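**Student:** 3D model of this:
(2 chains)
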Amino acid sequence: GENVEQHPSTLSVQEGDSAVIKCTYSDSASNYFPWYKQELGKGPQLIIDIRSNVGEKKDQRIAVTLNKTAKHFSLHITETQPEDSAVYFCAGGSYIPTFGRGTSLIVHP
Amino acid sequence: KAGVTQTPRYLIKTRGQQVTLSCSPISGHRSVSWYQQTPGQGLQFLFEYFSETQRNKGNFPGRFSGRQFSNSRSEMNVSTLELGDSALYLCASSGSIAGTGELFFGEGSRLTVL
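**Tutor:** Coordinates of the predicted model:
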């Protein structure tokens, strides 16, 4: 089955800095890579996703890149704000997504 | 549009007991998945139901079971509870028929086993 590794487990940045979270996957058949944000006391919420026929996707301050050859994908958040503080999960798969273990992002004002 | 609703939100059980958790998906969504979330393991897939049929199952023991009703509402049951079953149980619904697509998560049921 699919195995998704996510790094770092904790990321601390200053407001206005950029944040990058990286994930690798093992199954070359995986074709869908979503990113979820989980705020305290809430369920995860999709923030952006990318499919294997696309190399990069942007939505305002967030972007995701995918390198199929190397089997890794990354989440980029620019101009971070305190409200970006949350746990971020990457996931990958061709049907049922396998989740990474999460990155706790802390944005200091 | 109402989101995914999970009940109860919090519960405390003792070892050996059983528990039933309920999930009401977004109206029109026929796929319901269940995940176990723990600090060390992240989100672990339990099972997925579509139109009352279990389509996929994760790597959990038989003590974990589920079902889906004709109105797409789903329940999961854990029998003979162990301390290690303490976790946040998340339900997610999807409008995708084929599989990959956005999952809409509920806020979860936090189970504590004493």
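**Student:** B:Gln68 contacts B:Glu52, correct?
**Tutor:** Yes - B:Gln68 is in contact with B:Glu52 according to C-beta atoms under 8 Å; the separation is 4.9 Å. Every C-beta, even on glycine, is put in place using the N, C-alpha and C of the backbone.
**Student:** who has more neighbours, the two?
**Tutor:** Neighbour tally, B:Gln68 and B:Glu52, criterion other C-beta atoms under 10 Å in any protein chain shown: the higher count belongs to B:Gln68, 23 against 13.
**Student:** ok, the more buried one - contacts?
**Tutor:** Going by C-beta atoms under 8 Å, 6 or more residues apart in numbering or on different chains, B:Gln68 touches B:32, B:49-54, B:74.
**Student:** by neighbour count, which of those residues wins?
**Tutor:** B:Val32 leads these on contacts (other C-beta under 10 Å) with 28 neighbours.
**Student:** quick check: the gap between the residue nearest the centre of chain B and A:Ile96.
**Tutor:** Residue closest to the average C-alpha location in chain B (C-alpha atoms, centre = their mean): B:Trp34, at 3.1 Å. Distance, B:Trp34 to A:Ile96, by C-beta to C-beta, to the nearest Å: 11 Å.
**Student:** need the overlap of contacts for these two.
**Tutor:** What both B:Trp34 and A:Ile96 touch, as defined by C-beta under 8 Å, 6+ apart, is the set B:45, B:48.
**Student:** quick one: the strands in chain B?
**Tutor:** Using DSSP state E, the strands of chain B run over B:5-7, B:10-13, B:19-24, B:31-38, B:42-50, B:53-57, B:64-68, B:74-78, B:87-94, B:104-105, B:109-113.
**Student:** who wins for proximity to A:Lys68 among those strands?
**Tutor:** With C-beta to C-beta as the measure, strand B:42-50 is the member of these nearest A:Lys68 (23.2 Å).
**Student:** do that closest one and chain A meet at all?
**Tutor:** Yes - judged by C-beta under 8 Å from any C-beta of the partner chain, strand B:42-50 comes into contact with chain A at B:42-43, B:45, B:48.
**Student:** what residue in chain A comes nearest to chain B?
**Tutor:** For chain A, the residue closest to chain B is A:Gly43, as judged by C-beta to the nearest C-beta, at 3.1 Å.
**Student:** look up phi and psi at that residue.
**Tutor:** Backbone torsions of A:Gly43, given as degrees, to the nearest 10, read phi -80, psi 160.
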